[in-house]
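Visitor: I would like the atomic coordinates for the input below:
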Amino acid sequence: MEAAEKKEISVEDEAVDKNIFKDCSKIAFYRRQKHQLSRRSTYQALLDSVTTGKDSTKFHIINETTKVPLLAEVYGIEGNIFRLKINEETPLKPRYEVPDVLTIKPSTVRLISCSRDAGSLVLADGKGDLKCRITANPFKIDLVSEEEIVMSINSLDQLYFEHLQIPLKQRSTKENKEDTSVDASQEDQEDLGLWEEKFGKFVDVKVNGPASIGLDFSLHGFEHLYGIPQHAESHQLKNTSDGDAYRLYNLDVYGYKIHDKMGIYGSVPYLLAHKLGRTLGIFWLNASETLVEINTEPAVKYTLTQMGPVAAKQKIRCRTDVHWMSESGIIDVFLLTGPTPSDIFKQYSYLTGTQAMPPLFSLGYHQCRWNYEDEQDVKAVDAGFDEHDIPYDVMWLDIEHTEGKRYFTWDKKRFPNPKRMQELLRSKKRKLVVISDPHIKIDPDYSVYAKAKEQGFFVRNHEGGDFEGVCWPGLSSYLDFTNPKVREWYSGLFTFSAYQGSTDILYIWNDMNEPSVFRGPELTMQKNAVHHGNWEHRELHNIYGFYQHMATAEGLIQRSEGKERPFVLTRSFFAGSQKYGAVWTGDNTAEWSYLKISIPMLLTLSITGITFCGADVGGFIGNPEAELLVRWYQAGAYQPFFRGHATMKTKRREPWLFGEEYTQLIREAIRQRYALLPYWYFLFYCAHVAAEPVMRPLWIEFPEELDTFGVEDEYMLGSALLVHPVTEPKATTVDVFLPGSNEVWYDSKTFAHWEGACTVKIPVALDTIPVFQRGGSIVPIKTTIGKSTGYMSDSPYGLRVALSTKGSAMGEFYLDDGHSFQYLHQKQFLHRKFSFLAGVLINSCADKRGHYPSKCVVEQIFVQGLKKQPSSVTTHSSDGKEEPVAFTYCAKMSTLRLEKLSLNIGTDWEVHIR
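Guide: Predicted structure coming up:
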């Protein structure tokens, strides 16, 4: 046995002292940039070097001190996007540029020079409402919209670019003397980590010396910034001037600390800024370790009288500066100019793609634990859900289901007949998810290892051999997913012939893919490990998990010959991961504070493209008390990815193990999730085709209401439902902010209603989930709940109609087969629109391209906010047939209930209320 394996691997390898992770003071490129920038070395743009090509405008920038030129390129991109690239003019060797994240090569818009003199150049897109003003000395770029400067680049002179250098060993004495780019004594060199960087017992050797980059952006009039996940932090980004910067560096942090800016499992280097009248985005396309500093200059106080143009002018005086720093690569930044939140979502999705359309089962409830012991355990847990009448869709198996942590295998004692186990689940219309991590046990008798080794498919160490690190199986090598051939091979491992014991109801979970390397520096891979194309790990660390996710999703699609949608959950992610599946917030803890922080964490993921996201219900680490578990189920039922999970050695916590009172409460929360599945499915369709987040912070829906900009304890699901989970123990009331001065809100449980723009104290018992339907909306529901989503495909629908202050309402409905790509390739879908106006509810076609026959009927309609008792209610079918309908009206609550209807969901009809 290898020496590294002799010490038993356990959860303790993850549950480590937080001192093994760096803060900013321990990061050499951060220290270097702060040290150098304090000396104010400015850059100048050489505007006499400007050339305008078909795609971009190019010019040189030169540093006053080093005189080494940089090449800048400015692109106009379709849909109000600007792109700025800055690279060395003649680097020693190519610098890393992130591939595979942009979905297509963006269509460029030719920028026209509309004014030019010795000191500046102004470029405009064809429409002329957006201008890019380049100032020569000192170098600065202003983004101007309608004569207002909305963003300035390098106005603080923080452009920083370390040039690749010849390795010290290869230099002649003469070259050493002439080298002006390293002006540091030996002692300084060590402190600044130029060629070697020490951290604990680890030494990071940099073959081509320091290569970091940095640039500042000033956002004029903005003080509310969001994005750059993943951090266990507030939704609105905080000022970093008195502490650490936000770190983007994918790390396995078991039981991560909350209200902390350290990097955890994933990184999306994309930030949004919002103010009254405009939303902006900055997408910094770099996959190396990245730090973001944020500094907001004090803002002018708002008063209600300043909401017109005067307020806009006054707001110019407030400003937020954002300073991006990355360890290597080039500066490649996309400036998304909005102007609205939905424009920003479309612009970002144009670059990185939209959320994959999930299979319907994946929007149901998932049951997981590390680990379900054996086939008998799986059978018993599955039966427990039926016995207690709790719906669920997916059973999950963690690492113990394999033979000695060898992925794509089964433990022969525990799971002797995996196909039989899957057939049992299939008989209940349920699915199975199993884990597949990127580390591969070093074992010549393990076919996955032997084949990968033979073909050179592992990440290499800097000496040229396979990189070896410790993870769950012991000594392991790590598949190099950055190599397209490795991804293609890995995808092939999911075929039924290759993956013995798998069936078409088996789906995948990618974990530990930061990558996690026990006993490695910060529990990850050494930065000088070598990937395909001879790129060092430091260049692409944050994109490693993205590539595994991509290869896994592709494998599941190929397995079905391109017919079936995949489902893959990943822990590590990058910009664009939404194209491949779902993400969760990792190893959280069974404490109230972690329930509370999950809301801003999920909101931040949602607005940065990754809308299929969730947190482990109950908390992964520790044993939740019954009240916390109930409250977590209630929150999770109203969040996109809904999975219960727990670590080893925690007490079992299936929903029925806490006594009948709590079983009933959890059952009700899960049933509410299933009742709302038609609405959830429609929201995911909108996310897929229009990049609209499913779970939305209030400011997205109410962008002109200042009071919403900092709210993070409640959120919208789509545009119709406001959810305020209870996140405090023994709560008897919650303060719910209901936005919108012209809005009316209806309590989904009591049907009480309130006008918007106020905070309401809502009494809560343990069975209360504060959910409010927005006046003016129509929400489709299922009226009967089955054992799983598969049992509900033909069950009837209901419509919840909530009238606006004007007595009208709108809603939509989307349906397809729930599992295949036929909605895309054969246009097999149904997209309907519901509208209620002047007492008439109409069901009409929303998209004539789609055709999908459905036998399902609307059997129930519930109208809230109907002020007057009707004298009659009639249904009118498209063939002119009119039928009277029995109804129940409650004058006290202003509600109308219609039942025992039989209106086909997919045909045109009307309901007249007179």
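Visitor: show me the contacts for residue 549.
Guide: By C-beta atoms under 8 Å, 6 or more residues apart in numbering, the residues touching residue 549 are 510, 513, 568, 570, 572, 573, 577, 580, 581. From N, CA and C alone the C-beta is placed, and that goes for glycine too.
Visitor: element containing it?
Guide: In this assignment (DSSP states H and E), residue 549 forms part of helix 544-559.
Visitor: partner strands of the next helix-or-strand element following that helix, with direction?
Guide: Elements were assigned by DSSP H and E; along the chain past helix 544-559, the next helix or strand is strand 568-570. Its sheet considered, strand 568-570 pairs with strand 506-510 (parallel), strand 582-584 (parallel) by DSSP bridges.
Visitor: contacting residues around strand 568-570?
Guide: 433, 507-510, 513, 545, 548-549, 552-553, 556, 577, 580-584, 641.
Visitor: let me see the contact set for residue 509.
Guide: Neighbour list for residue 509: 396, 433, 434, 435, 436, 568, 569, 570 [criterion: C-beta under 8 Å, 6+ apart].
Visitor: next, count neighbours for the closest residue to the first one other than its chain neighbours.
Guide: Computed as C-beta to C-beta, 6 or more residues apart in numbering, the closest residue to residue 396 that is not its neighbour in sequence is residue 368, at 3.5 Å. By other C-beta atoms under 10 Å, 22 other residues sit near residue 368.
Visitor: please, where are all the helices along the stretch 1-150 of the chain?
Guide: Secondary structure of the stretch 1-150 of the chain, counting by DSSP state H, counting those that start in this stretch: helices at 3-6, 28-37.
Visitor: looking at those helices, which is closest to residue 229?
Guide: Ranking the helices of the stretch 1-150 of the chain by proximity to residue 229 (C-beta to C-beta) places helix 28-37 first, at 20.0 Å.
Visitor: what packs against that closest one?
Guide: Helices and strands touching helix 28-37, by 3 or more C-beta pairs under 8 Å, 6 or more residues apart in numbering; DSSP states H and E, are strand 160-161, helix 186-192, strand 319-326.
Visitor: just for the stretch 51-200 of the chain, where's the confidence low?
Guide: Within the stretch 51-200 of the chain, the ranges that satisfy pLDDT under 70 run 172-190.
Visitor: the chain now?
Guide: Flagging of the chain using pLDDT under 70 yields the residue ranges 1-8, 10-16, 172-190, 299-317.
Visitor: geometric centre of it: which residue is closest?
Guide: Against the mean C-alpha coordinate of the chain, by C-alpha atoms, centre = their mean, the closest residue is residue 610 at 2.5 Å.
Visitor: helix, strand or coil for residue 610?
Guide: Classification of residue 610 by DSSP: H, G, I helix; E, B strand; the rest coil places it in coil.
Visitor: my read: it touches residue 356, true?
Guide: No: distance between residue 610 and residue 356: 10.7 Å, which falls outside the contact criterion (C-beta atoms under 8 Å).
Visitor: now do the shared contacts for the two.
Guide: Contacts common to residue 610 and residue 356, judged by C-beta under 8 Å, 6+ apart, are residue 578.
Visitor: hang on, the earlier thing: pull the contacting residues for the residue nearest to the centre of the chain.
Guide: Per C-beta under 8 Å, 6+ apart, neighbours of residue 610: 229, 268, 355, 573, 577, 578, 583.
Visitor: next, count neighbours for the fourth one.
Guide: Spelled out, that is residue 573. The number of residues packed near residue 573 is 33, by other C-beta under 10 Å.
Visitor: didn't it look like it was pressed against residue 546?
Guide: Yes: assessed by C-beta under 8 Å, residue 573 is found in contact with residue 546 at 6.2 Å.
Visitor: of the strands paired with strand 568-570, which approaches residue 224 most closely?
Guide: Each of the strands paired with strand 568-570 was scored for nearness to residue 224 using C-beta to C-beta, and the closest is strand 582-584 (24.0 Å).
Visitor: for the very next helix or strand once past that closest one, name the packing helices and strands.
Guide: Proceeding N to C from strand 582-584, the next assigned helix or strand is helix 592-607, under DSSP H and E. Applying 3+ C-beta pairs under 8 Å, 6+ apart, one finds that helix 592-607 contacts strand 224-227, strand 613-614, helix 626-636, strand 695-696.
Visitor: list the residues that contact residue 138.
Guide: By C-beta under 8 Å, 6+ apart, the residues touching residue 138 are 42, 43, 44, 154, 157.
Visitor: likewise for residue 241?
Guide: Counted by C-beta under 8 Å, 6+ apart, residue 241 has contacts 293, 295.
Visitor: how about the nearest residue in space to residue 206 that is not next to it in sequence, phi and psi?
Guide: Residue nearest to residue 206 in three dimensions, not counting chain neighbours: residue 195, with 5.5 Å by C-beta to C-beta, 6+ apart. When quoted as degrees, to the nearest 10, the phi and psi of residue 195 stand at phi -110, psi -20.
Visitor: what residues are up against residue 195?
Guide: Contact analysis of residue 195 by C-beta under 8 Å, 6+ apart lists 168, 189, 205, 206, 209, 210.
Visitor: counting neighbours, which of these comes out on top?
Guide: When neighbours are counted by other C-beta under 10 Å, residue 210 leads those with 23 neighbours.
Visitor: so that one is in which element?
Guide: Short version, using DSSP H and E: residue 210 is in no helix or strand.
Visitor: do you know how far it is from residue 204?
Guide: 11 Å (C-beta to C-beta, to the nearest Å).
Visitor: can you check residue 445 too?
Guide: For residue 445, the distance to residue 204 - C-beta to C-beta - is 34 Å.
Visitor: please apply the same query to residue 908.
Guide: 66 Å.
Visitor: tell me where the stretch 251-400 of the chain has helices.
Guide: Taking DSSP H, counting those that start in this stretch as the test, the helices found in the stretch 251-400 of the chain are 309-315, 341-352, 375-387.
Visitor: before we move on, the earlier item: ok, of the contacts of residue 549, which one's closest to residue 459?
Guide: residue 513 (12.4 Å).
Visitor: can you lay out the helices and strands packed on helix 28-37 as JSON lines showing distance to residue 490?
Guide: Formatted as JSON lines, those follow (distance: least, C-beta to C-beta, whole Å):
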{"stretch": "strand 160-161", "distance to residue 490": "36"}
{"stretch": "helix 186-192", "distance to residue 490": "39"}
{"stretch": "strand 319-326", "distance to residue 490": "28"}
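Visitor: out of these, which gets nearest to residue 876?
Guide: strand 319-326 (55.3 Å).
Visitor: residue 893: how many residues sit nearby?
Guide: Residues within reach of residue 893, counting by other C-beta under 10 Å, total 15.
Visitor: go on, the one 5 residues further on?
Guide: The criterion is other C-beta under 10 Å. On that basis, residue 898 has 24 neighbouring residues.
Visitor: again with residue 280
Guide: Close neighbours of residue 280, defined as other C-beta under 10 Å, add up to 24.
Visitor: beta partners for the closest residue to it other than its chain neighbours?
Guide: In this structure, residue 280 finds its nearest non-sequential neighbour in residue 273, 4.7 Å apart by C-beta to C-beta, 6+ apart. In this entry, residue 273 is beta-bridged to residue 225, residue 280, by DSSP bridges.
Visitor: residue 273 against residue 220, yeah?
Guide: No: with contact defined as C-beta under 8 Å, residue 273 does not reach residue 220; the gap is 9.9 Å.
Visitor: before we move on, the earlier item: what is the nearest of the contacts of residue 610 to residue 748?
Guide: For the contacts of residue 610, the nearest to residue 748 is residue 355 (25.4 Å; C-beta to C-beta).
Visitor: residues touching that closest one, list them.
Guide: Applying C-beta under 8 Å, 6+ apart to residue 355 gives the contacts 578, 579, 609, 610, 611, 612, 684, 687, 688, 691, 694.
Visitor: turn those into CSV, columns for distance to residue 423.
Guide: Formatted as CSV, the contacts of residue 355 follow (distance: C-beta to C-beta, whole Å):
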residue, distance to residue 423
578, 33
579, 32
609, 37
610, 34
611, 33
612, 28
684, 29
687, 33
688, 31
691, 39
694, 33
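Visitor: no further queries at this time; thank you.
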